[in-house]
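Novice: Take this sequence and fold it.
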Amino acid sequence: MEKEFDRSYIYRVIAAFCIGWAIIYADRTCLYPMLKIIGEEFKLTGAQTGAITSAYFLCYVAMQIPAGMWGDRYGLKRILVFMYLLAGIGMLLTGLMASSYLTLLVFVALHGIGAGAYYPAAYGTTLNTVPPETKGLSTAIINSGMSLGLALGLISAGPIYNYTHNWRMPFLVLAVPTILMALVYQLVLKDIRPPKGEQVPFSEILKDKNLMLINCAIFCSLYGFWTVVTWGPTFFQTERGLTLTISGLYTAIVAVAAIPAALTIGRSSDRYGRKKLSLILLPLAAVTVFATGYVKSLTALIIVLICYGLVGKLTWDPIAVSWVGDHVSATKPQAMGTAVSLFNFSGMLSSIVAPIISGWLKDITGSLQTSFYLGGVIVLLGTLFVAFVDETVKVKVEKIQQRKLNKT
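Specialist: Coordinates of the predicted model:
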């Protein structure tokens, strides 16, 4: 029996998850412009300042797989609402009670724990809710929230600080919509229960060739992304002569350019296939990451960053997660949350590895250029992985056509 889809509910789900991503990403990125100010207030070394971001990402990454498994067992909505509320509380405590370096680390980590459940819960819900033939477009719309939040966090934190002269205020301001969004999910989402059937052992997901190849590819794609996002502002300041504010705006170019590209390419992947577009996008993304470190003029740099936004991680991500959803829906639908969480866990490992390796290369060579060159090579390696992943869209299109014939 063919599954019926409530279109109005689907639209509400997509809109809610898009807004949720925008808030989570703004929560995360508002920290970056404040790091220098926080370091000065608490008299921190560079390593101690960097540990603030590491505390967030370590907890965020560590929560991926447990959150996905809990969602499959207890329901994705329950996990999403509780953990999103926890993320909001982390932001609130950072703004109200982070009076020492230790408490700041604890509260930032708390936010990372709460935010770590969002990806598996949101995409696990989406992939179990939307029609198969619109997965690419739906995830692209949701993913556009990342771009909006990335730009919002980078652009808003500075003005809020300049107005209040208090680095805690951006966290307090963003805590409000974060907490409110948890309530929205409680009201808007239907109770999401895992499909009936035997629990899929985690080892079965690890043995799935297609899922593991996509996971390796997303690590490569995100390695280039985190090289650009975390070290880009520093590189633009120290080696290209930009100011702090302008370097943040340059980095935000990537996010803005990605929004229309992701929507267009996500829809195209529903029609023409995940694999074909992946084999085009990843090599182009590799070239743009490499070129970010190579070009000298500011005009060329702007062009390169726009191009990276058009073909990079934020654009390919909807294709990749839809690809995962295709394979899981066909083989082990009761493990959707776990599979999606492992996918994001694999990608987010690069958020820990890329900044460290890039900084190490900077210490050795005295320049960040080599870091971007390596980032480009690693993104290119992702192309090799996707070349061996089975296509899914063609099979689904044939099924849709068969359904239409059966109706007539």
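
Novice: now the most centrally placed residue in the chain: how far from Thr299?
Specialist: In the chain, the centroid-proximal residue (CA atoms, centre = their mean) is Met146; its distance is 6.5 Å. Distance from Met146 to Thr299, counting by CB to CB, to the nearest Å: 27 Å. In this view, the C-beta of every residue, glycine as well, is placed from N, C-alpha and C.

Novice: got it, and Gly232?
Specialist: Separation of Gly232 from Thr299 (CB to CB) stands at 17 Å.

Novice: neighbour count winner among the two?
Specialist: Legend: neighbour count by other CB atoms under 10 Å for Gly232 and Thr299, higher for Gly232 (25 against 8).

Novice: Looks like the residue nearest to the centre of the chain contacts Ala26 (just checking).
Specialist: No. Between Met146 and Ala26 there is no contact under CB atoms under 8 Å: 10.0 Å.

Novice: Which strands and helices lie in contact with the helix or strand containing Phe17?
Specialist: Assigned by DSSP states H and E, Phe17 falls within helix 7-29. Judged by 3 or more CB pairs under 8 Å, 6 or more residues apart in numbering; DSSP states H and E, helix 7-29 is in contact with helix 76-97, helix 101-115, helix 118-129, helix 135-164, helix 169-188.

Novice: To Ser351, which of the ones you listed lies closest?
Specialist: Of all the helices and strands packed on helix 7-29, the one in closest proximity to Ser351, counting by CB to CB, is helix 101-115 (10.8 Å).

Novice: Extract the C-alpha trace of the closest one and format it as PDB.
Specialist: Extracted C-alpha coordinates of helix 101-115, given in PDB (Å, rounded to 0.1, in the frame of the first residue of the first chain):
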ATOM      1  CA  TYR A 101      37.100  30.100  32.200                       C
ATOM      2  CA  LEU A 102      36.100  26.800  33.600                       C
ATOM      3  CA  THR A 103      32.400  27.600  33.800                       C
ATOM      4  CA  LEU A 104      32.600  29.000  30.300                       C
ATOM      5  CA  LEU A 105      34.000  25.700  29.000                       C
ATOM      6  CA  VAL A 106      31.200  23.800  30.900                       C
ATOM      7  CA  PHE A 107      28.400  25.900  29.500                       C
ATOM      8  CA  VAL A 108      29.700  25.900  25.900                       C
ATOM      9  CA  ALA A 109      30.100  22.100  26.200                       C
ATOM     10  CA  LEU A 110      26.500  21.900  27.400                       C
ATOM     11  CA  HIS A 111      25.300  23.700  24.400                       C
ATOM     12  CA  GLY A 112      27.400  21.400  22.200                       C
ATOM     13  CA  ILE A 113      25.700  18.300  23.800                       C
ATOM     14  CA  GLY A 114      22.200  19.700  23.200                       C
ATOM     15  CA  ALA A 115      23.000  20.800  19.600                       C
END
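
Novice: and the angle from it to helix 7-29?
Specialist: Here helix 101-115 runs at an angle of 160 degrees relative to helix 7-29 (axes from the mean of the first three to the mean of the last three CA atoms, to 10 degrees).

Novice: what about helix 101-115, average pLDDT?
Specialist: Averaged across helix 101-115, pLDDT comes to 95.

Novice: do the same with stretch 341-354
Specialist: Here the average pLDDT along stretch 341-354 is 88.

Novice: buried ones in that stretch?
Specialist: By 16 or more other CB atoms under 10 Å, the buried positions in stretch 341-354 come out as 341-352, 354.

Novice: again, but for stretch 209-226
Specialist: With burial defined by 16+ other CB under 10 Å, the residues of stretch 209-226 counted as buried are 210-226.

Novice: Please narrow the residues you listed to those residing in helices.
Specialist: Counting by DSSP state H, the part of the buried residues of stretch 209-226 found in helices is 210-226.

Novice: Any stretches of the stretch 301-408 of the chain with poor pLDDT?
Specialist: Where the stretch 301-408 of the chain drops to pLDDT under 70, the residues are 393-408.

Novice: how about the helices in it?
Specialist: Applying DSSP state H, counting those that start in this stretch to the stretch 301-408 of the chain gives helices spanning 313-331, 336-365, 369-386, 393-407.

Novice: what's the burial count for the closest residue to Gly112 other than its chain neighbours?
Specialist: Spatial nearest neighbour of Gly112, excluding adjacent residues (CB to CB, 6 or more residues apart in numbering): Cys59 at 3.5 Å. If you count neighbours by other CB under 10 Å, Cys59 ends up with 19.

Novice: The host helix or strand of Cys59 - contacts with which helices or strands?
Specialist: Assigned by DSSP H and E, Cys59 belongs to helix 46-74. If you count contacts as 3+ CB pairs under 8 Å, 6+ apart, helix 46-74 packs onto helix 31-42, helix 76-97, helix 101-115, helix 118-129, helix 336-365.

Novice: so can I have TSV of the ones you listed showing distance to Arg274?
Specialist: Shown next, in TSV, are the helices and strands packed on helix 46-74 (distance: least, CB to CB, whole Å):
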stretch	distance to Arg274
helix 31-42	32
helix 76-97	23
helix 101-115	27
helix 118-129	13
helix 336-365	13
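
Novice: Same question for Ser99, what's its three-state structure.
Specialist: Three-state assignment for Ser99 (DSSP: H, G, I helix; E, B strand; the rest coil): coil.

Novice: Ignoring the adjacent residues along the chain, who's closest to Cys18?
Specialist: Setting aside the residues directly before and after it, Cys18 is nearest to Gly145 in space (CB to CB, 6+ apart), at 4.0 Å.

Novice: I'd say the one you found and Trp21 touch.
Specialist: Yes. Between Gly145 and Trp21 there is a contact under CB under 8 Å: 3.0 Å.

Novice: show me the contacts for the residue nearest to Asn128 when sequence neighbours are not counted.
Specialist: In this structure, Asn128 finds its nearest non-sequential neighbour in Met336, 5.7 Å apart by CB to CB, 6+ apart. Met336 makes contact with 72, 124, 127-128, 194, 325, 328-329, according to CB atoms under 8 Å, 6 or more residues apart in numbering.
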